[in-house]
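1. sequence and computational prediction follow.
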Amino acid sequence: MTTDPLPTAPKTGIRVIVVGTGFGGLSAAIECHRQGHTVTVLEKFPVRKELGDIISFGQNASRIFRRWPGVASKIEPLSHRANSLQIKTCDGHHLLTQRWEEENKKWGKRYDGHRGELHGVMLAHAEQDLGIDIRLGHRVVQYYETAEGAAVDVEITNEAGQKDTKRIEGDVVLAADGVRSLGRTLVLGHEDKPLASGYAVYRAWFDGSAIANDPLTSFFYDNPDGDQHICWIGPDVHFIAASLKKGSFSWVCTHKDVADIDESWQLEAPVADARKVLVGWDPVVQRILDLTPEPLIDWKLVYRDPLPTWTSPLRRIALLGDAAHPFLPTSIQGASQAVEDGVTLGVALKKCGSPANVQEAIAAFECLRYERVRAAQKTGETTRDTWHQADMEAIKANPESMRLRREAWVLGHDAEAYAEEHYDATVAVLRRTGLQDLTEARKLNVPDMSDTVRVSNE
């Protein structure tokens with residue numbers, strides 16, 4: 001597995017508009033730039049804010065970061081460095097310790113860290129190192145496409161708060177505009193509102209000094225085995241806490257929630273709300289709550305049936321990341337799959353050869369990714385359902401059933417190499433069946449899920 005940065009490809013003449021500067025949008029921008037395309041990135045927020053809490057990138061994404069000069073060396077010091085995941089029942093009974101040595105040796109490092117910090121590294125690489133045109137305060141209000149090109153209308157807000165509207169044209173638009181994507185309306189032909197999944201997550205990220213200094217929780221920092229990562233499992237609830245040697249502490253609590261999400265799926269909540277779903281749990285969990293500053297983030301998990309397509313009728317607009325396929329946190333793959341989307345788009349647009357062939361490239365992108373992403377989404381559903389079993393005695397009798405699955409077909413995947421290898425065969429099918437029927441070309445790229453790594457226990 002190479003970690004050497006690859007040179008930027010010759011210019012293709014393809015003009016790419018990327019909507020959104022999340023991890024998917026930035027990955028698409030960086031990879032399209034690497035592959036020789038001209039990139040413009042539009043972001044509705046006028047200034048960047050370092051928001052969020054913990055985010056995870058599997059080895060399938062980290063191998064991509066290591067190809068971007070200087071990025072991995074900046075991410076690694078910010079990352080969580082746990083050697084294992086401890087899994088316990090809600091009363092503190094130890095079930096198993098799942099260690100990562102085998103997968104790290106096989107596939108390389110994974111990166112877990114603060115969303116805002118890792119995002120800042122990626123944004124600086126795109127804007128400062130590569131000189132990609134990133135325009136803040138540009139809110140896309142409409143998408144357009146014709147047989148010859150694509151465009152967006154943007155509302156631009158200046159420093160005085162005045163607004164103006166401008167049309168920006170390109171050969172293709174990549175809509176990385178999140179779970180409430182405006183681009184999805186054009187792709188599907190109707191507004192597709194997200195639905196409540198029936199679950200929500202309380203989230204917290206804070207300075208870990210109080211955790212480190214409390215006798216009941218100091219083990220999170222006072223240990224020779226790196227950062228700590230512990231998951232407690234209870235009926236329809238799981239609580240995961242992680243420490244970082246550099247001083248931060250984070251936890252997430254996934255629980256049942258049927259609240260309406262029409263207006264917002266991310267709210268603030270008092271710590272007392274988390275206590276209600278964690279009554280009677282391990283004293284360590286209770287002390288973590290005692291030491292958690294107010295308020296929590298109350299994040300309603302969005303559910304969406306798989307979209308019938310991620311690409312527009314004329315194949316000039318493509319959805320990627322959460323706009324195309326929101327993931328449950330238990331997959332530990334949402335951000336990584338968005339990175340893979342960006343990589344695949346960069347390769348597909350390069351392989352198509354010229355602006356005249358971008359519609360074929362956009363159709364090929366969907367076919368290269370669709371079945372793989374859907375299979376990866378199911379891993380999150382399986383883990384959630386496994387961890388939320390109600391029978392604690394059955395879990396104690398069979399702790400192996402709680403193991404977090406680590407699939408080689410996910411973590412060992414190299415999206416760039418795969419797209420390079422399979423693009424031509426996928427396009428050959430599309431030329432035979434036509435760009436309006438992607439079914440056969442999708443089936444050509446169903447992943448082989450037979451290879452699952454076993455990680456050692458204690």
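-> Nice, I can see it.
2. neighbours around residue 448, how many?
-> 7 (other CB atoms under 10 Å). C-beta here means a position set from N, CA and C on the backbone, and glycine is covered the same way.
3. cool, residue 433 as well?
-> 13.
4. equivalent analysis for residue 74, please.
-> Residues lying near residue 74 (other CB under 10 Å) number 17.
5. repeat for residue 300
-> 21.
6. with residue 27 instead?
-> Residues near residue 27, counting by other CB under 10 Å, number 32.
7. after the helix or strand hosting it, which helix or strand is next?
-> Assigned by DSSP states H and E, residue 27 falls within helix 23-34. Using DSSP H and E, the helix or strand that follows helix 23-34 in sequence is strand 38-42.
8. with just CA atoms, put the helix or strand following that next one into PDB.
-> Downstream of strand 38-42, the next assigned helix or strand under DSSP H and E is strand 54-57. In PDB, the C-alpha atoms belonging to strand 54-57 read as follows (Å, rounded to 0.1, in the frame of the first residue of the first chain):
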ATOM      1  CA  ILE A  54     -15.800  13.100  17.200                       C
ATOM      2  CA  ILE A  55     -15.700  11.800  13.700                       C
ATOM      3  CA  SER A  56     -14.100   8.600  12.400                       C
ATOM      4  CA  PHE A  57     -12.300   7.700   9.100                       C
END
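9. which strands and helices sit next to the helix of greatest length in the chain?
-> Using DSSP state H, we find that the single longest helix of the chain is helix 358-387. Here helix 358-387 touches strand 172-175, strand 317-319, helix 334-352, helix 408-411, helix 415-433, helix 439-443, going by 3 or more CB pairs under 8 Å, 6 or more residues apart in numbering; DSSP states H and E.
10. so which of those is the most surrounded?
-> Comparing the helices and strands packed on helix 358-387 by mean neighbour count (mean count of other CB atoms under 10 Å), strand 172-175 comes out on top with a mean of 31.
11. list the contacts of that strand.
-> 14-20, 25, 28, 32, 143, 145, 150-152, 181-184, 187, 316-320, 323, 345, 349, 358, 361-362 (CB atoms under 8 Å, 6 or more residues apart in numbering).
12. let's see 6 Å
-> Contacts with strand 172-175, where a contact means CB atoms under 6 Å, 6 or more residues apart in numbering, come from 16-19, 28, 150, 152, 181, 183, 316-319, 323, 358.
13. of the helices and strands packed on helix 358-387, which is nearest residue 67?
-> When the helices and strands packed on helix 358-387 are compared by CB to CB, helix 415-433 sits nearest residue 67, at 7.8 Å.
14. residue 70: which of the helices and strands packed on helix 358-387 is closest?
-> Closest to residue 70 of the helices and strands packed on helix 358-387, according to CB to CB: helix 334-352, at 17.0 Å.
15. contact partners of the closest one?
-> Under the contact criterion CB under 6 Å, 6+ apart, helix 334-352 has outside partners 9, 14, 23-24, 27-28, 31-32, 35, 37, 55, 57-58, 60-61, 64, 320-321, 327, 358, 360-361, 364-365, 368-369, 373, 376, 415-416, 419-420, 423.
16. show the buried residues in the residues you listed.
-> Among the contacts of helix 334-352, those classed as buried by 16 or more other CB atoms under 10 Å are 14, 23-24, 27-28, 31-32, 35, 37, 55, 57-58, 60-61, 64, 320-321, 327, 358, 360-361, 364-365, 368-369, 373, 376, 415-416, 419, 423.
17. per the record, what domains does the protein have?
-> 15-81+109-192+305-388+408-453, 195-303 (automatic domain parsing).
18. will you turn these into a markdown table that also has distance to residue 88 and mean pLDDT?
-> Listed next are the domains of the chain as a markdown table, based on distance: least, CB to CB, whole Å; pLDDT from 0 to 100:
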| stretch | distance to residue 88 | mean pLDDT |
| --- | --- | --- |
| domain 15-81+109-192+305-388+408-453 | 12 | 90 |
| domain 195-303 | 5 | 87 |
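19. let me know which of those is the nearest to residue 99.
-> For residue 99, the closest of the domains of the chain is domain 195-303, at 10.1 Å, according to CB to CB.
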